[in-house]
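Asker: Let me see the structure of the following:
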Amino acid sequence: MDLSIGVWVWLAAAILFVVIEIFAPGFIFACFVIGSIAAGVTTVFTDSLLIQGAVFAVVSIGLIPVTRPLANKITKPSPIISNVDGFIGKIGIVKKEVSEVHGQILIEGQIWQARAENTFPIDAKVKVIKVEGAKFFVEEA
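Answerer: From the prediction side, this is the model:
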């Protein structure tokens, strides 16, 4: 393989892996970028595609366990608050007196069952502190 063509092929592969890494973060494809660069450097020493491919594979696969701890630190998924858990911290208006055994509150146009350690009268403002099933546990806002 001509030296210049081999370098360009591995450089193109590295660029392709950079683009993939941008859209699929996690440092897996970054390992392939470094493997491609290492294989490109190998073209200076040999024309053997087998050796270049082996260098690419060994470097790429060898870097995966090394970069995983770093990737896990950097790309920690942020907790996604979904469904009723998204109401925690929101302020609601009491529609039926809220106590330890019964009550209803209005939050964002929806009526929800509510419970509280203290009793809250109708039209009082309360804050959601916990959700269990379809019941909101509230405190004074």
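
Asker: Please make it C-alpha for all contacts and neighbour counts, starting now.
Answerer: OK.

Asker: Tell me which helix or strand Phe29 sits in.
Answerer: Using DSSP states H and E, Phe29 sits in helix 28-42.

Asker: any idea of the mean pLDDT for that helix?
Answerer: Across helix 28-42, pLDDT averages out at 94.

Asker: Off-centre distance for it?
Answerer: With CA atoms, centre = their mean, to the nearest Å as the basis, helix 28-42 stands 26 Å off its chain's centre.

Asker: can you check stretch 83-103 too?
Answerer: 30 Å.

Asker: First-to-last residue distance for that stretch?
Answerer: Taking CA to CA, to the nearest Å, stretch 83-103 runs 21 Å from one end to the other.

Asker: Kindly export stretch 121-132 (C-alpha atoms) in CSV.
Answerer: Listed next in CSV are the C-alpha coordinates belonging to stretch 121-132 (Å, rounded to 0.1, in the frame of the first residue of the first chain):
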residue,chain,number,x,y,z
PRO,A,121,-58.0,24.0,55.2
ILE,A,122,-59.5,24.6,51.8
ASP,A,123,-57.5,27.2,49.6
ALA,A,124,-54.3,26.7,51.7
LYS,A,125,-51.1,26.5,49.7
VAL,A,126,-49.1,23.3,50.2
LYS,A,127,-45.9,21.9,48.9
VAL,A,128,-45.5,18.3,47.7
ILE,A,129,-42.7,16.6,49.6
LYS,A,130,-43.2,13.0,48.7
VAL,A,131,-45.3,10.8,46.3
GLU,A,132,-46.4,7.2,47.1
